[in-house]
Structures are given as structure tokens and as C-alpha cells.
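**Student:** Got a predicted model here, sequence first, then my questions.
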Amino acid sequence: MSYMDSDEEASPEMLMQYRRAVEMAQKEDLSAFDRSGLIQSLGKNKDNEEVLLITFCFLTGAADELEKAMHYALAKLHEMENQPFAVIFALAMTNWLNDAVSVLKQCYLSLPRSIKKNLKKIYLLHWTLARKMVLDAMSNVVSEKFWKKIVYVEQLSDILSTLQMPPIEALTKIPYVVQHEEEERVSPGSALTIYGTPVATLCARIPTNIVPPYTRLPRIYVDFVDHITSREVIGTKDLFCLQADCASIYAFVGDIDQGNPFAEWTNIPALITGFRLLFDCLTIPFLGEGAYGTFSALTKAATAPDKTKLLDTVMQVYSSLSPGEQEACSYIMKAFKVISGESSQNAMTPLRIAEVFAPSFCRPPTKPDSQAPIVTQMIVQAISLAIENAEKLTPNAQPKAVQPAAAAPAGKAAPKKKRAESSSSESSSSSSDEESSSSEGSSDEAQKKANGTKPAAPATVPARPPAAPAATGEPETATAPAAPKAAAPKQQINRQASAGKRPSSSSSSEESSDDDTSSEEEDDD
């Protein structure tokens, strides 16, 4: 009898352990494994097989955790009972001889024969020569059918190319620690890192959806906020003013950049210093490259901006960010609001938090000028208001809200255009000379009114500079098509004037009002 034979049914004791584990998984809270990404689905491959990625480095090795992890893994594999599937084992930062890997062997031995038969491929990702030699030594005792399922994979691209899911989308489901190890193997020294990478890149490479409603939020932000808002940390005095020693911060930053899940999160000074460096090291400021210039433009106004203007400016800056950057900004601001709620203990009011993070959130693109102190003070006040009103920072909400307001004037001008066209068409079809002359008078007067309103439009421009382009542009587009309509009655007026039928100037206004009334009655008919 061969070891790990997929044709062999598990022992009754193993089957009992399997059924008990599946039942326990339904009762226990195993959401922590979902958040860590222990087992992730990459969809189906081109052979229509479900592909599961298992990353062992997220297991600490504690006895109670390993037992729950076994329940979690067996429950996931239980879902594959009626469909073929493949498994990818990523041993990044994992010791092949530790207890976590022994749990894997125990899981396989506990599986019923039906699930073992459905396991078509076992991909071993980034396996070293030493690990391959260990498996080769076991080849004599391992089942030949099981051995044929094993495939060594050197690069992620070799697996991603076999999936039905687009490779770029599939890459976002790969944990950061696996991506970092992949890039270090391919190009040492130029791998993806957490510190110094723009927010938009992190949103594209390591997004997570474990915090509804966010779907593009960088996973590292969730890890930092989870630890900072924990009961052990959030009440620390002068929280964001803490400073770690050089050795601690170097070790902490190194672990974060490598994706080490066992970084020293319990070192509060290193945690806070590392969190501040997360924004200080950004090549593009957290609120975007144009944020400083937007606030700097406020200094040119005649009066200092009030709170409403500052908050509106923050919303303007926020709406200019990409969707991923908006989610990151919204999440961080809401976390700051939660932390400021404990200001009686940590002394972190919204204003003080803004003073700490304003220099890294908004940086001048060039050498600061004489207005820098004034602009910086505005930015501090604006970020403080954003923290207090964090619920208003909803991703993708601001750009959509601007469109209806801009289209409103055009919607009001449209009925006038339609009425003018209807009036001119009805008057031209009338057989009575008197009705024709009255409609011509009303058209002439309407044209005069239209011509009279055009010079008045620029008078509103100095009062509201931002709205001037929209206000002057939309009425012109609404009334301009009416000009050709008025040209035909004008020619008729000239011909009638030579025949002595042109109405007098004193009675033209009365005839115009009568014509409006008659045209409305004809519309009703």
C-alpha cells in the first residue's frame, strides 16, 4: 500500500475527524483566516478546475490556532467534493518542517476518497533545491498517482497564464508576501515594497475587500489601522507623537517591506513611527500632487476662507483623486475620527492629528514661497475639518454630484426654445393677415429681448467667478438656435412694411401678449 494514495479511502477514525472538523467550522468564528488570506480562490483554470492558493506563513504555529486552521482548511476542501480542483502551495517565509506544514499532511489524510480524486494538480511555488531533495527522498513511499499531480513552479506568471481570470486581476488576489518574494527572485533589489510606493500602485497590486464598502483599499492600511485602534494602543498618551529608536524602526520597516506577518506590532513606538513613515515616504503626497496648489490659490482671495470654504476645498481635492486613492483617504480619515474620539486619553484631537500629518498629506511641488506658512495653516484646518466630517468622504460620490448642478440651467432654457419654435411655426401656418402680423411682432419683440439679455450676462461674471463659464455658456447654447427661426418673420415684416401693413410700435406689445395667449390656446387644442 502506497503512502498518500488518492485511490485509498481514509480510515474510519480519519473520516470521523473530517466530519467533526466540518461541523466545527460552521460553529467557530474563522473570519481571521479569511482576513489573513490563508486560503484564497483564484477562480477556475482553462481546464475548468477551481484553483486554491494556500499561504502557510500566516499561521503562527500556536496549538489552538493550528486546530482552527485545520477546521478551516477541511471546510474549504469540503466545498470541492463535487468539482475538480487544483491547489497552489506558497511557502514564502515558511519552514517546511514546522507544525503548520504537518497540519497540511493531516488534512490530506483526513479527506474522503471523493475529494482526493477531484484534486488534479498540486503546484509547489518557489520551492528551493533543498525542499525538492526532501520530496525526492520520499518518492519511494509516496503513491505514484499522487506524485504525478505535483508540479514545480518557478514564477507566478506560469500559473496565472493557466487561469481563466485575467492575469492582472488574479495578481491582486496573491498576498503581498508572495508577490515580494517573486520579484526578489526575478530581480533582486527592485521588488515591490510598501514604503515609498505610491498609493495608487498599492491599490492596484494589493487591494482587499475585507472592509466593506471598500474594494481597492491597500491591505497594509487595514493592518496598521487594526493595530492602532486596538484597545491596547488607542488610549496611549500623545499617540501620534511617539518616536521609536533607530534599531526598532529599522527592524519594523524591514519586516513590513518583506511582508513578514510576524512583525513586532506590539512595539507601540515602532508601530506609530512606522505609520507616519508610511505617508512621509510617499513620492506623491497622500492627497495628490495638486492639493497644495489648490489650497495655495485660496490665499489670493480678498478675504480669508471660512470653514465652509475649506471643507469644500477638501472635497474638491478629494474628488480629483483616483478611486483607489479616494478609498484610502476615506478609510484613513475615518480611522483618525475614531482615534480622536479617545482624545481624553490620547490627547489626539482632530486639529492635533492634522498638525502631525499635514506636512506629508500636502507638500509643495517646488521650493516653498513666502505664502507657505499661511497655506500650511489652511491645510491643517482643512484636514481637521475632514476628520470631523469623515463620513462625507464617500468614494466616487463627489464627481457624480457635480453633474446635475451644471446641467440645471440648460434644462430650464430648453422649454423656452421649444415654445418659441412652436409659436413661430403656428404663426407661419395662419391664413389671417392680422394673426400673421401679431406673431411677427411677438417674434420681433422676443428677438429684441434676447438681444437685450446678451449684454447683461457678463455683468454676473465678477460676482461669481467659478460659475461664470457655465452661466454664460449655457444660455448662449440655448438661445443661439432660435436666431435662424426669427430671420424669416423679419423678411416678412420688411415686405409688409412696403405694403403698409406693419403694426405700430405702440400696439406691438399688446398684440404680442394676445399672440402668446392664442398660441397657448392652440397648444392646448
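**Tutor:** Yep, that arrived. Numbering: from 1, shown residues only.

**Student:** Sketch out the low-pLDDT regions of the stretch 251-400 of the chain for me.
**Tutor:** Scanning the stretch 251-400 of the chain for pLDDT under 70 picks out the ranges 397-400.

**Student:** any idea how far the spatially most central residue of the chain is from Ser187?
**Tutor:** Nearest to the centroid of the C-alpha atoms of the chain, with distances taken as Cα atoms, centre = their mean, sits Gly324, at 3.1 Å. According to Cβ to Cβ, to the nearest Å, Gly324 stands 25 Å off from Ser187. C-beta coordinates here come from the backbone N, C-alpha and C atoms, glycine included.

**Student:** likewise Asp64?
**Tutor:** According to Cβ to Cβ, Asp64 stands 40 Å off from Ser187.

**Student:** what about Ser344, how many neighbours?
**Tutor:** The local packing of Ser344 (other Cβ atoms under 10 Å) involves 8 other residues.

**Student:** what about it, helix or strand, and which?
**Tutor:** Using DSSP states H and E, Ser344 sits within helix 343-346.

**Student:** Where does Glu181 sit, in terms of helix or strand?
**Tutor:** In the assignment (DSSP H and E), Glu181 maps to helix 176-186.

**Student:** does Thr294 really touch Val317, like I thought?
**Tutor:** Yes. If you go by Cβ atoms under 8 Å, Thr294 and Val317 touch, sitting 5.4 Å apart.

**Student:** out of those two, which sits in the more crowded spot?
**Tutor:** Set Thr294 next to Val317 and count neighbours by other Cβ under 10 Å: Val317 wins out with 24 against 19.

**Student:** residues making contact with the one helix or strand the more buried one maps to?
**Tutor:** Assessed by DSSP H and E, Val317 sits inside helix 307-319. Here helix 307-319 makes contact (Cβ atoms under 8 Å, 6 or more residues apart in numbering) with 287-288, 290-291, 294-295, 298, 305, 326, 329, 378, 381-383, 385-386, 389, 392-393, 398-399, 402.

**Student:** again with stretch 219-239
**Tutor:** Under Cβ under 8 Å, 6+ apart, the answer for stretch 219-239 is 176, 194, 202, 206-208, 210-211, 242, 256, 265-266, 268, 271-272, 274-275, 278, 328, 331-332, 335, 338-339, 342, 345-348.

**Student:** so of those residues, which ones are in strands?
**Tutor:** Taking DSSP state E, the ones among the contacts of stretch 219-239 that sit in strands are Pro207, Thr208.

**Student:** Weed out the non-buried ones from the contacts of stretch 219-239.
**Tutor:** Neighbour-count burial (16 or more other Cβ atoms under 10 Å) applied to those gives 176, 194, 202, 206-208, 211, 242, 256, 265, 268, 271-272, 274-275, 278, 328, 331-332, 335, 339, 342, 346, 348.

**Student:** Ser161: neighbour count?
**Tutor:** Ser161: 12 surrounding residues under other Cβ under 10 Å.

**Student:** what about the nearest residue to it once chain neighbours are set aside, how many residues close to it?
**Tutor:** Distances taken as Cβ to Cβ, 6 or more residues apart in numbering put Pro167 closest to Ser161, at 6.7 Å, once the chain neighbours are dropped. As a burial measure, Pro167 scores 13 neighbours (other Cβ under 10 Å).

**Student:** Next up, phi/psi of Pro167, please.
**Tutor:** phi -60, psi -40 (degrees, to the nearest 10).

**Student:** Please report how far it lies from Ile174.
**Tutor:** To Ile174, Pro167 is 10 Å away according to Cβ to Cβ.

**Student:** now do Leu321
**Tutor:** Distance from Leu321 to Ile174, by Cβ to Cβ: 25 Å.

**Student:** what's the answer for Leu91, then?
**Tutor:** Distance of Leu91 to Ile174, computed by Cβ to Cβ: 14 Å.

**Student:** Ok, Ala291 next?
**Tutor:** Computed as Cβ to Cβ, the Ala291 to Ile174 distance reads 32 Å.

**Student:** Any quick PyMOL command for the buried ones out of the contacts of helix 307-319?
**Tutor:** Here is the PyMOL selection string for the buried members of the contacts of helix 307-319, based on 16+ other Cβ under 10 Å:
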select buried, resi 287+288+291+294+295+298+305+326+329+378+381+382+383+385+386+389+392+393+398
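
**Student:** what's next to stretch 280-296, contact-wise?
**Tutor:** In contact with stretch 280-296 (Cβ under 8 Å, 6+ apart) are residues 195-196, 198-200, 279, 313, 316-318, 320-321, 325, 328-329, 332, 357, 360-365, 371, 375, 378-379, 382.

**Student:** Filter these down to the buried ones and hand me the PyMOL line.
**Tutor:** Command for PyMOL that selects the buried part of these, burial taken from 16+ other Cβ under 10 Å:
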select buried, resi 199+200+279+313+317+318+320+321+325+328+329+332+357+360+361+362+363+364+375+378+379+382
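
**Student:** and the contacts of stretch 280-296, which of them are in helices?
**Tutor:** 199-200, 279, 313, 316-318, 325, 328-329, 332, 357, 360-361, 375, 378-379, 382 (DSSP state H).

**Student:** related to what we said a few turns ago, what is the burial count for the nearest residue to the residue nearest to the centre of the chain once chain neighbours are set aside?
**Tutor:** Leaving aside its chain neighbours, Gly324 sits nearest to Cys203 (2.8 Å; criterion: Cβ to Cβ, 6+ apart). Neighbours of Cys203 under the rule other Cβ under 10 Å: 24.

**Student:** Would you confirm that Gln371 contacts Lys300?
**Tutor:** No. In this structure, Gln371 is not within contact of Lys300 by Cβ under 8 Å, at 9.2 Å.

**Student:** and the spatially closest residue to Ala204 that is not a sequence neighbour, what does it touch?
**Tutor:** Spatial nearest neighbour of Ala204, excluding adjacent residues (Cβ to Cβ, 6+ apart): Gly324 at 6.7 Å. Gly324 makes contact with Val199, Ala200, Leu202, Cys203, Ala204, Pro207, Arg216, Leu217, Pro218, according to Cβ under 8 Å, 6+ apart.

**Student:** Dump those residues into JSON lines; add distance to Thr229 as well.
**Tutor:** Below are the contacts of Gly324 laid out as JSON lines (distance: Cβ to Cβ, whole Å):
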{"residue": "Val199", "distance to Thr229": "20"}
{"residue": "Ala200", "distance to Thr229": "25"}
{"residue": "Leu202", "distance to Thr229": "20"}
{"residue": "Cys203", "distance to Thr229": "21"}
{"residue": "Ala204", "distance to Thr229": "26"}
{"residue": "Pro207", "distance to Thr229": "21"}
{"residue": "Arg216", "distance to Thr229": "21"}
{"residue": "Leu217", "distance to Thr229": "15"}
{"residue": "Pro218", "distance to Thr229": "17"}
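
**Student:** Among those, which one sits closest to Lys117?
**Tutor:** Pro207 (35.3 Å; Cβ to Cβ).

**Student:** Quickly note the distance from the closest residue to that closest one other than its chain neighbours to Ser320.
**Tutor:** Excluding the flanking residues, the one nearest Pro207 by Cβ to Cβ, 6+ apart is Arg216, at 4.6 Å. Distance of Arg216 to Ser320, given as Cβ to Cβ: 16 Å.

**Student:** ok, residues contacting the helix or strand containing Ala247?
**Tutor:** Using DSSP H and E, the secondary-structure element containing Ala247 is helix 246-258. Residues from elsewhere that reach helix 246-258 (Cβ under 8 Å, 6+ apart): 93, 177, 180, 193-195, 220, 244, 262-264, 267, 269-271, 273-274, 277.

**Student:** Now a PyMOL select for only the buried ones of those residues.
**Tutor:** In PyMOL, this line selects whichever of the contacts of helix 246-258 come out buried by 16+ other Cβ under 10 Å:
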select buried, resi 93+177+180+193+194+220+244+263+267+270+271+273+274+277
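
**Student:** Can you get me the start-to-end distance on stretch 77-92?
**Tutor:** Taking Cα to Cα, to the nearest Å as the measure, stretch 77-92 stretches 22 Å from start to finish.

**Student:** returning to what we had before: what separation do you get for the residue nearest to Ala204 and Leu393?
**Tutor:** Separation of Gly324 from Leu393 (Cβ to Cβ): 14 Å.
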